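Q: Task: produce atomic coordinates for the following.
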Amino acid sequence: MDSWLAPFTQTIQERMQKVQRKKDELAPQAKLSSFATGHLYFGLHRNSDYWVFREWAPNASVIFLIGDFNDWKETDAFRFNPLENGNWELRLKTELIRHKDLYKLSLHWKGGHGERIPAYATRAVQDPVTKLFSAQVWFPETEYKWKNSSPVINTPPCVYEAHVGMATEDFRVGQYREFRENVLPRIIKAGYNTLQLMAIQEHPYYGSFGYHVSSLFAASSRFGEPEELKMLIDEAHGAGLRVIMDLVHSHAVRNEIEGLGLYDGSPWQFFHSDHRREHVAWDSLCFNYGKNEVLHFLLSNIQYWQKVYHFDGFRFDGVTSMLYYDHGLSRDFTNYDMYFDGQQDEDAISYLSLANALIHENDTASLSIAEEMSGYPGLAAKLSDGGLGFDYRMAMGTPDYWIKVIKEKSDEQWNVGEMFSELTNKRVEEKTIGYAESHDQALVGDQTIIFRLIGKEMYFSMDKFTENLQVDRGIALHKMIRLLTLATAGNGYLNFMGNEFGHPEWIDFPRMGNNWSYQYARRQWSLSDNKLLLYGFLDEFDRQMIKLMRENHIFEGEFPHLYHDNSQDQVLGFERDELYFAFNFSPIHSYVGYGLNAPRSKYRILINTDDKDFGGQGRIDHTISYRTIAVKNNNSRHYLKLYLPSRTAMVLKKEKIKGVYDTP
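A: A predicted model of the protein is given here:
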């Protein structure tokens, strides 16, 4: 489909062949799922009459299990036996270990020794005093019984991105249970069909936002117990939501005791042994995707989250960093050579392809979404077509574009033609998820869109009784930016929790620099609930916008078709399927009877940003139907005459008619 890729045909084919060879090597004559079973073999398991613990530590000379059950001392009864291929095993009577016991491994190697949390630990907890982590035995007497199966969703993803810990309004870490009880109903009411959970994999530093993972198989204990996470997912499934998680396989935390940094005394067990070991920008370690044992570990991790916790897919973090030897930091990706010049990590490309094959082998309905900013061609194309097999890619340039416009241009300089071009610049053969802002745009040092638009007046003038032009401007543009982003999004839409009602503040997790404050690591839901404030208007607009998208199947139709672009008037008109979108970004001009080029039809208004229910001025009459008028001396062209108040947008829908002036 893309002729510019023709010169790189051989490279693309070689990458496809490498993936197939690796698949055949790992799972000859079988499915990948039969290979990705490390979590069923390694780690701690309980049989009917004994415990069995297995570990892969090829550089270790001796391994002991230490914990509450033996006073944290090395004893022969808890000494592992060496097996083949660097594996170790320990068998214990069931009465020696109990549910909720804390434990670690004590590993010895030539010239050294260290305590470690097992690589396959399914639960790790932090001591409230020492702040040190330990693994915890987690085998409750009653296994969680799932009530709901994953919903069958045949529509594109409308994603609500959320962080359980900061989803409470209190100055503390939120819990799975609280999220299920208090936040999940909001998401259901808002109309989103996909919940994306961040920071699920255990991470020692809360302020890392969950991206410096230490225990890949452990659901973060700071949010509650494993069964509480399962209950959250189960209830979301029952409400018709699929649940996906942020998966961090692009790097791992450097920590040695909590993580895999120097697990068996060797720096190369899971990671590269040369200069590629350390990530130059993230203060973390880079997996060696060329080792079969690492592939076994990571692919098993994917299958674990799918099978044990019933996650419906993944948003892969840091894919750009995985694809290139320089992590994409020293190149500008201005031509296709940048994707095929030999500076790509072919092992990482193979791993990502295998990961996507496994995900869809386990469940054809599962989602895989790539967070990738280089524009790697074929990322979200089928494996059989030479792609990497992701279902969707994030349109990461969109929020950066909005920030650039808001920061660098006055309202009179907002160019609607440029906006449309930037927001629709996507590879049509690859599905994309658009968004105006995710968690990235709200991190400390940055600002949310609403705060960029309104500034400090958010603290003084967001009540319904105070007249403030800056607030009026911000609310109007916030709605228009979100609507334009959704309307031009390729095949899906994402919103970070709180942005739907214009949460005023950035995100800053507790750290030494802010005196360990939770002030900005929470969501103030009461702002939206307070009927005296304006936030509820933005929330209601978001609900109606998402409803509009779902009821009219916007993402299942053709890409937007531009009909009207007048940058001098700052008026934009385009069609997507049966809907016509009209925007007037002018801060000062309202147009009466403005003619926009449009397909011949009769139209009715479905939604407009100036509606009083959305905090607007109510200048547009919803009861009026509109008919296109033929251009004089040219019956093949038609225009739609509308009243377009300043800083407003409306969505109109076609109604079937026999003739231009005939009643339907």
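Q: Can you name the element that comes right after the longest helix along the chain?
A: Assignment by DSSP state H gives helix 469-488 as the longest helix of the chain. Per DSSP states H and E, the first helix or strand lying C-terminal to helix 469-488 is strand 493-496.
Q: Tell me the first helix or strand C-terminal of that next one.
A: Immediately after strand 493-496, counting by DSSP H and E, sits helix 525-529.
Q: Next secondary structure after that next one?
A: helix 535-551.
Q: quick one: contacts of that next one?
A: Helix 535-551 has contacts (C-beta atoms under 8 Å, 6 or more residues apart in numbering) with 155, 158, 189-193, 450, 462, 475, 478-479, 482-483, 486, 493, 495, 500-502, 527-530, 554-555, 606-607, 609, 611, 613-615, 651. Backbone N, C-alpha and C define where each C-beta goes, glycine included.
Q: Show me how to select, in ChimeraX, the buried members of those.
A: Of those, the buried ones can be selected in ChimeraX as follows, counting by 16 or more other C-beta atoms under 10 Å:
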select :158,190,191,192,193,450,462,475,478,479,482,483,486,493,495,500,501,502,527,528,554,555,606,607,609,611,614,615,651
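Q: quick one: pLDDT of I657?
A: pLDDT, I657: 62.
Q: got it, and V631?
A: 84.
Q: So what does it have for phi and psi?
A: The phi/psi pair for V631 (degrees, to the nearest 10) reads phi -70, psi 140.
Q: Neighbours of it, how many?
A: As a burial measure, V631 scores 13 neighbours (other C-beta atoms under 10 Å).
Q: Give the bridge partners for it, please.
A: Counting by DSSP bridges, V631 is bridged to N634.
Q: And the strands in the stretch 201-350 of the chain?
A: Along the stretch 201-350 of the chain, counting by DSSP state E, counting those that start in this stretch, strands occupy 201-202, 215-219, 242-247, 252-253, 284-285, 313-316.
Q: roughly how far out does the fifth one sit from the chain middle?
A: What it means is strand 284-285. Centroid separation between strand 284-285 and its chain, computed with C-alpha atoms, centre = their mean, to the nearest Å, is 21 Å.
Q: And the average pLDDT for the helix or strand where H638 lies is what?
A: In the assignment (DSSP H and E), H638 maps to strand 634-644. Averaged over strand 634-644, pLDDT sits at 87.
Q: what about the protein, any weak spots by pLDDT?
A: Scanning the chain for pLDDT under 70 picks out 444-445, 634-635, 657-664.
Q: For the nearest residue to E278 once chain neighbours are set aside, which residues count as its bridge partners?
A: The shortest distance from E278 to any residue other than its chain neighbours is 6.3 Å, reached at L285 (C-beta to C-beta, 6 or more residues apart in numbering). Using DSSP bridges, the bridge partners assigned to L285 are A252, E278.
Q: hang on, the earlier thing: please save the CA atoms from the longest helix of the chain in CSV.
A: Coordinates of each C-alpha in helix 469-488 appear next as CSV, following Å, rounded to 0.1, in the frame of the first residue of the first chain:
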residue,chain,number,x,y,z
LEU,A,469,-13.6,36.0,30.0
GLN,A,470,-10.6,33.8,30.5
VAL,A,471,-12.7,31.0,32.0
ASP,A,472,-15.3,31.3,29.2
ARG,A,473,-12.5,31.1,26.7
GLY,A,474,-10.9,28.0,28.3
ILE,A,475,-14.2,26.1,28.7
ALA,A,476,-15.2,26.8,25.1
LEU,A,477,-11.8,25.8,23.6
HIS,A,478,-11.5,22.7,25.9
LYS,A,479,-14.7,21.3,24.4
MET,A,480,-13.7,22.2,20.9
ILE,A,481,-10.2,20.7,21.2
ARG,A,482,-11.6,17.4,22.5
LEU,A,483,-14.4,17.2,19.9
LEU,A,484,-12.0,17.9,17.0
THR,A,485,-9.5,15.4,18.4
LEU,A,486,-12.2,12.7,18.6
ALA,A,487,-13.7,13.5,15.2
THR,A,488,-10.3,13.2,13.5
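Q: Which positions within the strand holding H638 qualify as buried?
A: Within strand 634-644, the residues scored as buried using 16+ other C-beta under 10 Å are 638-644.
Q: Return the distance of L40 relative to F217.
A: The spacing between L40 and F217, counted by C-beta to C-beta, to the nearest Å, is 11 Å.
Q: who's more crowded, these two?
A: F217 (23 against 13).
Q: Show the contacting residues for the more buried one.
A: Contacts of F217 (C-beta under 8 Å, 6+ apart): 39, 43, 119-122, 301, 304.
Q: Equivalent analysis for L299, please.
A: Neighbours of L299 in contact, by C-beta under 8 Å, 6+ apart: 32, 35-36, 38, 354-355, 358.
Q: The nearest residue to E412 once chain neighbours are set aside and L484: what is the separation?
A: Closest residue to E412 apart from its sequence neighbours, by C-beta to C-beta, 6+ apart: P587 at 6.4 Å. The gap separating P587 from L484 is 16 Å, by C-beta to C-beta.
Q: So between those two, which is more surrounded?
A: Ranked by neighbour count (other C-beta under 10 Å), P587 and L484 place L484 first, with 25 against 16.
Q: just checking, that one touches V416?
A: No: using C-beta atoms under 8 Å, L484 makes no contact with V416, being 9.1 Å away.
Q: hmm, back to that, give the other helices and strands that the strand holding H638 contacts.
A: strand 579-584, strand 591-597, strand 625-627, strand 629-631, strand 648-655 (3 or more C-beta pairs under 8 Å, 6 or more residues apart in numbering; DSSP states H and E).
Q: buried residues in the last one?
A: Which is strand 648-655. 648-654.
Q: could I get the contacts of F217 as a markdown table with neighbour count and distance to F541?
A: A markdown table is the format used below for these (neighbours: other C-beta atoms under 10 Å; distance: C-beta to C-beta, whole Å):
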| residue | neighbour count | distance to F541 |
| --- | --- | --- |
| H39 | 20 | 44 |
| G43 | 19 | 48 |
| A119 | 22 | 47 |
| Y120 | 26 | 46 |
| A121 | 27 | 45 |
| T122 | 21 | 42 |
| N301 | 22 | 39 |
| Y304 | 21 | 40 |
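Q: Among those, which one lies nearest to H203?
A: A121 (13.3 Å; C-beta to C-beta).
Q: tell me the phi and psi of the residue lying closest to that closest one once chain neighbours are set aside?
A: Leaving aside its sequence neighbours, A121 sits nearest to A135 (C-beta to C-beta, 6+ apart; 4.2 Å). Main-chain torsions, A135, degrees, to the nearest 10: phi -70, psi 160.
Q: what about A135, how many residues close to it?
A: Neighbours around A135, by other C-beta under 10 Å: 27.
Q: Equivalent analysis for S33, please.
A: S33: 17 neighbours (other C-beta under 10 Å).
Q: That one belongs to a strand?
A: No: the assignment for S33 by DSSP: H, G, I helix; E, B strand; the rest coil gives helix, which leaves it out of any strand.
Q: check contacts around it.
A: 303, 358, 361-362.
Q: Using ChimeraX, make a named selection holding only the buried ones among those residues.
A: Selection of the buried residues among the contacts of S33 in ChimeraX, burial being defined by 16+ other C-beta under 10 Å:
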select :303,358,362
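Q: What residues sit buried inside stretch 295-310?
A: Buried residues in stretch 295-310 (16+ other C-beta under 10 Å): 295-307, 309-310.
Q: what's the answer for stretch 587-594, then?
A: Buried-residue list, stretch 587-594, by 16+ other C-beta under 10 Å: 587, 589, 591, 594.
Q: Verify the contact between the first one and Q413 for me.
A: No: between P587 and Q413 there is no contact, the gap being 10.3 Å when judged by C-beta under 8 Å.
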